[in-house]
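**Q** With the input below, show me the fold.
(2 chains)
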Amino acid sequence: MNNKTKEPLFHIVKRDNLPWYHAWGIRFIAIALSLVLCALVTTITTGENPIGVFGTIISGAVGTKRRVWILLQNLAILLGISLAVTPAFKMRFWNIGAEGQVLAGSLASAACMILLGNKLPNGALIAVIVLAGVLAGAVWAVIPAIFKAKWNTNETLFTLMMNYVATQLVAYYIIIWEVPKGSGTVGIINASTEAGWFPMLGGNRYLLNVLIIAAMTIFVYFYLNYSKHGYEIAVVGESERTARYVGIKVERVIIRTLLLSGALCGLVGVLLVAGTSHTITTTLAGGQGFTAVMVSWLAKFNPIAMIFTSLLLVFMGRGASEVSTVFGLNQAFSDILTGIIIFFIIGCEFFLRYRVSFRKREKAKIAEKGGEQHV
Amino acid sequence: MKEKQAAVQMRNITKRFGSVLANDKCWLDIYHGEILALLGENGSGKTTMMNMLSGIYFPDEGQISINGKPVSIRSPKDAFGYGIGMIHQHFKLVDVLTAAENITLGLDEKLDLKSVSRKVREICDKYGFEVDPDQKIYDMSVSQKQTVEIVKVLYRGADILILDEPTAVLTPQETDKLFAVLRNMRDDGKAIVIITHKMHEVEDLSDRVAILRHGQFVGDMLTKETNAQEMTNMMVGHAVTLNIERPDPVNPKPRIEVKNLTVRSMDGIVKLDDVSFTANSGEILGIAGISGCGQKELLEAIAGLQPTEKGSICYITDEGKREELLGKDPLEIAEMGVALSFVPEDRLGMGLVGNMDLSDNMMLRSFRRGKGVFTDRRTPKKLAETVVQELEVNTPGVSTPVRRLSGGNVQKVLVGREISSAPTVLLTAYAVRGLDINSSYTIYDLINRQKAQGVAVIYVGEDLDVLLELSDRILVLCGGKVSGIVPGRGATKRDVGMMMTRLGGNKADE
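**A** Numbering: from 1, shown residues only, chains lettered A, B, ... in the order given. Just a heads-up that it's a prediction; the model follows:
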């Protein structure tokens, strides 16, 4: 009776929670495997030495002091947007309108810089810029939230559509403000007076941005995990019926959370205009509103883990673009490498949750399992 | 019996979920022409065992044989190939299709609804089912849907039938009908396995019982050679008493007064029609009725969760002060100082948050307390520890997500939280649904203790035997109307059953 007939080659078994070192071990293996595949793909398609390519990725990302600062600046922006969308995501409100909310914040702050440029003392001007940007972002997010709360409209479509409205608004104002006329761009705003520009800290252009985002990380972490609001968000996200059962006003929580989410997006928009580029274009957010969705999910909505997931994406992005320059490859090649790495990182989640038992290794696995339980 | 060829032999079946051992070297024999009752507490591995037989899970170890031949069941399709069909607790039917369409769904044969209908009628006539093959599922009662599920597996040629708690959703009369059909099928030589927690059903229906405990096979025996007490002892592992206490109410005073309450659902269907009654302190008011007769709406209306059309719900304090609860939400009711606790039917979808741990679930009611923007995490944690200790919740710790606990333990956590706030009114909906005997008695005991402390308990139940034993008074609902209110002492199952199906019960005949 011991001989089974036709037992399947393998079957999949759900895991218990893994100890953290085991989980990180699996992630590390996944990244290592993805790098091996990247090397193979590089060698086969381009004939370059993969070690050289990896070296270029690292030097492209952190090779010089300037590159380190650019990396940090990009990291700050991506992390900022990721943090901003997270409260909404935790509530299962699928806000994919970060792009538009950032642009709305950017547009409002650019408008203040242009229109009030030399009419207010610089301190007051910066305060107005921040306020206007934050407010614009909040408004952009709260419109779909109100529709969701009152009439249960689909927030994913609504927030997505709001992105296009924001882009077109920016395009419209660029024509009005264009400098010089006919160029189709706004140019550097207040280039001579630097009115409304964020101050440099210790002679560094990007340090202030980095500090603001660091403070935002801590704020979002405590807000979500320890505040009453954060608890309400978690309950509404898990089950609206439970929320109503304990008297949480679901509509109010949706609107309040999206006000916050949009305000934080607006703040990032301000950092982009007044803190970094000092101009406005329709592509200022550069798709990071969408990348942020991935950053937030990969980190399982944990603000601290988001530092690492956004760092990984920014690092690879910067490194890969250096690869295309140095080796004269198409820009698309860096996207392929980034894609391979992300695929492995997301794919390894499966192995964090399930164990694959093979037919022949069955006995060994059981012995190993017994051993684990003693630990 | 020994010479008889077993229809199914399961030998040394082991199944793990992570580190949880659901089945540990389990044995089970199922014979043709026999009804086997599979007994065990929650989490003892009954359903997992049957899921492996019907191809939903694959055993980690062990061997299944059908009619003496070793087989490997890798999918529900394989299981059908061996003539095994399972009727799940939750029906798997498409609402907008007819019975006949549901029955042929997924089969590769040519769709000829006329011949399907004919074949369905043949099956029905053979065993005494009543199904109209052309009726849409959404027009059917729960019991009719269940019948469609059974016909579905018979149509596919099953001769080994597994029913997972089939009577949980049926009235006594419907249960009798189902049992008659099952007996017919047994006499036709089919092998039938029924999973149930209700002892009197086991004694009534089955030929043999098999008992599991903590994933292990304890033993099997002929039903006529055993009794409820022995079976329960084997399930639990030690002797238990099977009596529900019913102390006399002490100093009952009106606490909740419902007058002319009418509730319409979102689609405009009348769910409660002119319902009036009074619930007293120190008393258990049982609510009986076929499921979907307005029980849910009634409790939710009192708890402030259900919009109402007309009527009033008054809360009367010890001093005789009256306060209207209608039109207020749960938060406003709590702010009025009315300590109202509610154990809803949907434990993980409404009463608790499945993905949160025990401590966080304890906070659901109390997280607003205290000044400042941050929540107090220490008090709920202590409360969780107290509940785990006092109600003997079986959990790895207070930081385990509640969805990982078994049904009985989930319910203990929920009831524990609801009574921790020293309520004056306790509403419970199907408080022991899906719970094993041991957990059920723990819950009855907790409810009785609340009653002794002067709480007005409203207990919506489905097991009439329990309602008759536990309640001081029983309100019977029929189609959203009050069919009658009878004293719990002296009422009979037959009378209440009649009142559930027609207004006023027997009196309507006179």
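**Q** mind checking pLDDT for the residue of the stretch 1-150 of chain B found nearest chain A?
**A** Across the stretch 1-150 of chain B, no residue is closer to chain A than B:Gly18, which sits at 3.3 Å (CB to the nearest CB). C-beta here means a position set from N, CA and C on the backbone, and glycine is covered the same way. The model reports B:Gly18 with a pLDDT of 70.
**Q** One more: B:Asn102?
**A** 89.
**Q** Dihedrals phi and psi, it?
**A** Backbone torsions of B:Asn102, given as degrees, to the nearest 10, read phi -60, psi -40.
**Q** Tell me how far it lies from B:Ile284.
**A** 40 Å (CB to CB, to the nearest Å).
**Q** Neighbour count: the two, which is higher?
**A** B:Ile284 (27 against 23; other CB atoms under 10 Å in any protein chain shown).
**Q** Could you pull up phi and psi at the most centrally placed residue in chain B?
**A** Nearest to the mean C-alpha position of chain B, counting by CA atoms, centre = their mean, stands B:Arg433 at 3.0 Å. The phi and psi torsions at B:Arg433 (degrees, to the nearest 10) take the values phi -60, psi 130.
**Q** For B:Pro344, see how far away it is.
**A** Taking CB to CB, one finds B:Arg433 at 11 Å from B:Pro344.
**Q** ok, how many other residues are close to whichever residue of the stretch 251-400 of chain B sits closest to chain A?
**A** Of all residues in the stretch 251-400 of chain B, the one sitting closest to chain A is B:Leu331 (3.1 Å; CB to the nearest CB). Residues within reach of B:Leu331, counting by other CB under 10 Å, total 15.
**Q** sec struct for it, please.
**A** helix (DSSP: H, G, I helix; E, B strand; the rest coil).
**Q** wait, it sits on A:Gly247?
**A** Yes: the criterion here is CB atoms under 8 Å, and B:Leu331 meets it with A:Gly247 at 3.1 Å.
**Q** From one end of stretch B:244-262 to the other, what's the distance?
**A** 34 Å (CA to CA, to the nearest Å).
**Q** Tell me which residues of that stretch come out buried.
**A** Across stretch B:244-262, burial judged by 16 or more other CB atoms under 10 Å in any protein chain shown covers B:Ile244, B:Arg246, B:Pro249, B:Pro252, B:Lys253, B:Arg255, B:Ile256, B:Glu257, B:Val258, B:Leu261, B:Thr262.
**Q** which residues of the stretch 1-150 of chain A fall in strands?
**A** For the stretch 1-150 of chain A, strands defined by DSSP state E, counting those that start in this stretch occupy the ranges A:10-14.
**Q** which residues of it score low on pLDDT?
**A** The model of the stretch 1-150 of chain A has pLDDT under 70 over residues A:1-8, A:16-17.
**Q** ok, now with 50
**A** A:1-5 (pLDDT under 50).
**Q** Check the spacing between the closest residue to B:Gly40 other than its chain neighbours and chain A real quick.
**A** Nearest residue to B:Gly40, sequence neighbours excluded (CB to CB, 6 or more residues apart in numbering or on different chains): B:Leu212, at 3.8 Å. Distance of B:Leu212 to chain A, computed by CB to the nearest CB, to the nearest Å: 21 Å.
**Q** So what are the sheet partners of the helix or strand harbouring B:Leu212 and their directions?
**A** Element membership for B:Leu212, per DSSP states H and E: strand B:208-213. Partner strands and pairing direction for strand B:208-213 (DSSP bridges) are strand B:34-39 (parallel), strand B:216-222 (antiparallel).
**Q** what's the offset of it from the middle of its chain?
**A** Computed by CA atoms, centre = their mean, to the nearest Å, the chain-centroid distance of strand B:208-213 equals 20 Å.
**Q** same check, this time on stretch B:392-399
**A** The answer for stretch B:392-399 is 23 Å, by CA atoms, centre = their mean.
**Q** now do stretch B:299-315
**A** For stretch B:299-315, the distance to the chain centre is 25 Å (CA atoms, centre = their mean).
**Q** From start to finish, how long is that stretch in a straight line?
**A** Counting by CA to CA, you get 14 Å between the two ends of stretch B:299-315.
**Q** Mind listing what's buried along that stretch?
**A** Going by neighbour count (16+ other CB under 10 Å), the buried part of stretch B:299-315 is B:299-306, B:308, B:311-315.
**Q** List the ones among those that fall in helices.
**A** Mapping the buried residues of stretch B:299-315 onto helices (DSSP state H) picks out B:Leu299, B:Glu300, B:Ala301, B:Ile302.
**Q** Identify the bridge partners of B:Ile316.
**A** Here B:Ile316, judged by DSSP bridges, has bridge partners B:Arg322.
**Q** what's the burial count for it?
**A** B:Ile316: 20 surrounding residues under other CB under 10 Å.
**Q** Who are the contact partners of it?
**A** Contact partners of B:Ile316, counting by CB atoms under 8 Å, 6 or more residues apart in numbering or on different chains, are B:Lys253, B:Pro254, B:Arg255, B:Ile256, B:Glu257, B:Arg322, B:Glu323.
**Q** switch the cut-off to 7 Å
**A** Shown in contact with B:Ile316 (CB atoms under 7 Å, 6 or more residues apart in numbering or on different chains): B:Pro254, B:Arg255, B:Glu257, B:Arg322.
**Q** tell me the secondary structure for the third one?
**A** Meaning B:Glu257. Put simply, B:Glu257 is strand when judged by three-state DSSP.
**Q** same check, this time on B:Asp274
**A** Per three-state DSSP, B:Asp274 ends up strand.
**Q** Going along the chain, name the helices of chain A.
**A** So, for chain A - with DSSP H - the helices run A:20-46, A:50-62, A:65-90, A:98-116, A:122-151, A:155-177, A:207-226, A:228-238, A:240-245, A:250-270, A:288-298, A:303-326, A:331-353, A:362-374.
**Q** What parts of the stretch 301-450 of chain B come near chain A?
**A** Contact residues, the stretch 301-450 of chain B versus chain A (CB under 7 Å from any CB of the partner chain): B:305, B:329-331, B:334, B:344, B:349-353, B:355-356, B:363-365, B:367-368, B:373-375.
**Q** let's see 8 Å
**A** With CB under 8 Å from any CB of the partner chain as the criterion, the stretch 301-450 of chain B meets chain A at residues B:303-305, B:329-332, B:334, B:342, B:344, B:346, B:349-356, B:360, B:363-365, B:367-368, B:373-375, B:377.
**Q** Weed out the non-buried ones from these.
**A** B:303-305, B:330, B:334, B:342, B:344, B:349-356, B:360, B:363-365, B:367, B:374-375.
**Q** Can you list the low-confidence ranges for chain B?
**A** Looking at chain B by pLDDT under 50, you get B:1-2, B:508-510.
**Q** what residue of it is the furthest out?
**A** Outermost in chain B, CA atoms, centre = their mean: B:Gly372 at 41.7 Å.
**Q** Could you report the separation of it from A:Lys228?
**A** Noted for B:Gly372: a distance of 8 Å to A:Lys228, by CB to CB.
**Q** do the same with A:Lys150
**A** Distance of A:Lys150 to A:Lys228, computed by CB to CB: 24 Å.
**Q** and these two? which has more neighbours close in?
**A** Set A:Lys150 next to A:Lys228 and count neighbours by other CB under 10 Å: A:Lys228 wins out with 18 against 11.
**Q** Tell me who's in contact with that one.
**A** Contacts of A:Lys228 by CB under 8 Å, 6+ apart are B:Phe367, B:Arg368, B:Val373, B:Phe374, B:Thr375.
**Q** which residues of the stretch 201-350 of chain B fall in strands?
**A** Assigned by DSSP E, counting those that start in this stretch, the stretch 201-350 of chain B shows strands spanning B:208-213, B:216-222, B:254-264, B:270-280, B:283-288, B:310-316, B:322-324, B:340-343.
**Q** Identify whichever of those lies nearest to A:Phe315.
**A** strand B:340-343 (51.6 Å; CB to CB).
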